[in-house]
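[1] Attaching a predicted model along with its sequence, questions to come.
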Amino acid sequence: MSQTTPISPVIIALDFAVRAELDALVDQLDPSQCRLKVGKELFTLFGPEIVKALQQRGFEVFLDLKFHDIPNTTAAAVAAAAELGVWMVNVHASGGAKMMSAAKSALLPYGKDAPLLIAVTVLTSMHSDDLVAIGVNADAPSQVSRLAALTADCGLDGVVCSAQETPILRAQNPEEFLLVTPGIRPVGSALGDQQRVATPVDAMAMGSNYLVIGRPVTRSSDPLAALKEINQSLGC
Ligand SMILES: O=c1ccn([C@@H]2O[C@H](COP(=O)(O)O)[C@@H](O)[C@H]2O)c(=O)[nH]1
């Protein structure tokens, strides 16, 4: 099936362990309402078949496996994602410039069919204090800014960051540099393990291109209504 490009910036994080629960949600969704994210849990349980099943339903898929390895291994993994035909794939910016450049080069043979390649800066579950504990002597915004600059220098398409850092990153990067923001919490949603958060409306106003939203939709008693409410709040 050909894919439908949604007008919504929402990417739903499909973090499920039970296939029936996943299918029950996806059955309610339409590719015009959102894109879908396959992360480590789903991919480890169900493999490439799950990506193909979602694509068959017309969805654009963000393969969120956050590759972080030596350049040769990361480049090969990114090429494998391109073979799967995913819309977006990512690596960890802290893997460094050689790793990110190798990943970018691995996509050259795919030309305009290459997935968007973005890099995770600082996980939205981390606070500045957590960075100190791993030996990073910078607060979260500074570290995000540093890793985003490195990512841009390597020619990647954008970064994963918190919406809280988007004003800084918008100012330091060209308009086409993508800012993909998890840690999205509509007013009244439980934060869970997320630390650097924003509401959907605030995230878009601050400069996000795409909003990654998991539990506030997937664990809602009415996921479709939750997604529709978010899209409506964004004028989509
Ligand atoms: O910094 C990051 C990078 C990735 N994620 C992923 O996004 C979703 C968020 O899910 P919620 O349920 O809305 O918290 C999840 O799949 C993470 O692996 C992130 O949260 N932060």
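    Good, I have the coordinates.

[2] quick one, strands of this protein?
    In chain order, the chain shows strands spanning 10-13, 35-38, 61-67, 88-92, 116-120, 158-160, 178-181, 210-213, with DSSP state E as the criterion.

[3] buried set for stretch 101-108?
    With burial defined by 16 or more other CB atoms under 10 Å, the residues of stretch 101-108 counted as buried are 101-104, 106-107. Any C-beta I mention is one placed from the backbone N, CA and C, and that applies to glycine too.

[4] can you list contacts of it?
    The set of residues that contact stretch 101-108 without belonging to it, under CB atoms under 8 Å, 6 or more residues apart in numbering, is 67, 71-72, 74-76, 78-79, 82, 91, 114-115, 117, 154-156.

[5] just stretch 62-76 next, same as before
    By CB under 8 Å, 6+ apart, the list of residues contacting stretch 62-76 from outside reads 11, 13, 35-40, 43, 51, 77-78, 81, 84, 86-92, 94-95, 98-99, 101-103, 105-106, 115, 120, 212.

[6] ok, now with 7 Å
    Counting by CB atoms under 7 Å, 6 or more residues apart in numbering, the neighbours of stretch 62-76 from elsewhere in the structure are 11, 35, 37-40, 43, 51, 77-78, 81, 84, 86-92, 94-95, 98-99, 102-103, 105-106, 120.

[7] Now list the buried members of those residues.
    Applying 16+ other CB under 10 Å to these flags 11, 35, 37-39, 43, 51, 77-78, 81, 86-92, 94-95, 99, 102-103, 106, 120 as buried.

[8] which ones among the contacts of stretch 62-76 come in contact with the ligand?
    Within the set of the contacts of stretch 62-76, contact with the ligand (CB under 6 Å from any ligand atom) is found for 39, 120.

[9] now the helices for this structure?
    In order along the chain, the chain carries the following helices (DSSP state H): 19-28, 40-46, 48-56, 71-83, 97-106, 128-133, 140-153, 166-172, 200-206, 215-218, 223-233.

[10] Please identify the most buried of the strands of the chain.
    Most buried of the strands of the chain, by mean neighbour count (mean count of other CB atoms under 10 Å): strand 158-160, with a mean of 27.

[11] Any figure for the gap between residue 62 and the ligand?
    In this structure, residue 62 and the ligand are 10 Å apart, going by CB to the nearest ligand atom, to the nearest Å.

[12] okay, the residue of the chain found nearest the ligand: pLDDT?
    Distance from the ligand to each residue of the chain (CB to the nearest ligand atom) is smallest for residue 214, at 2.5 Å. With respect to pLDDT, residue 214 scores 98.

[13] Same question for the one 4 residues further on.
    What the model reports for residue 218 is a pLDDT of 98.

[14] can you pull the contacts of it?
    Residues 12, 15, 25 are the ones in contact with residue 218 under the rule CB under 7 Å, 6+ apart.

[15] Now do the second one: how many residues are near it, please.
    Other residues within reach of residue 15, judged by other CB atoms under 10 Å, total 17.

[16] hang on, it packs against residue 214?
    Yes - judged on CB atoms under 7 Å, residue 15 makes contact with residue 214 at a distance of 5.4 Å.
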